[in-house]
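Enquirer: give me a model of this one.
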Amino acid sequence: MTPAQYRAVRDELGWSNAQVAKTIGVSKRMPFRYETGETEVPGPAARLLRLLVMLRLTAGSQKFNEIVERMQ
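Expert: Just a heads-up that it's a prediction; the model follows:
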């Protein structure tokens, strides 16, 4: 996942970097590193983020939020 793809995913989810960090279980600084290209998004995290976008687009907002809450 490129930095531009990461930003697009984050924008689609409507999340801050802090929300991404909390949801995928990384340090608060790591999403900033993804966004700048300093660190590549690991494969499993990239797949999870893409899956979350697909879920956001197919499930209703309420259902999506419930699922994300359970993940945390």
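Enquirer: please state the backbone phi and psi of P42?
Expert: With angles defined as degrees, to the nearest 10, P42 sits at phi -60, psi 150.
Enquirer: now the helices for the chain?
Expert: Per DSSP state H, the chain carries helices over the ranges 3-13, 17-24, 30-36, 43-58, 61-71.
Enquirer: chain center to the least confident helix or strand in the chain by mean pLDDT, what's the gap?
Expert: One helix or strand of the chain scores below all others by mean pLDDT, DSSP states H and E: helix 61-71, with a mean of 86. Averaging C-alpha positions (C-alpha atoms, centre = their mean, to the nearest Å) puts helix 61-71 13 Å from its chain's average.
Enquirer: could you figure out how far that helix is turned away from helix 43-58?
Expert: Relative orientation of helix 61-71 and helix 43-58, computed by axes from the mean of the first three to the mean of the last three C-alpha atoms, to 10 degrees: 150 degrees.
Enquirer: same list (the helices of the chain) but as JSON lines, adding mean neighbour count.
Expert: The C-beta positions use only the backbone N, C-alpha and C, and glycine is treated the same way. Shown next, in JSON lines, are the helices of the chain (neighbours: other C-beta atoms under 10 Å):
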{"stretch": "helix 3-13", "mean neighbour count": "15"}
{"stretch": "helix 17-24", "mean neighbour count": "18"}
{"stretch": "helix 30-36", "mean neighbour count": "19"}
{"stretch": "helix 43-58", "mean neighbour count": "14"}
{"stretch": "helix 61-71", "mean neighbour count": "12"}
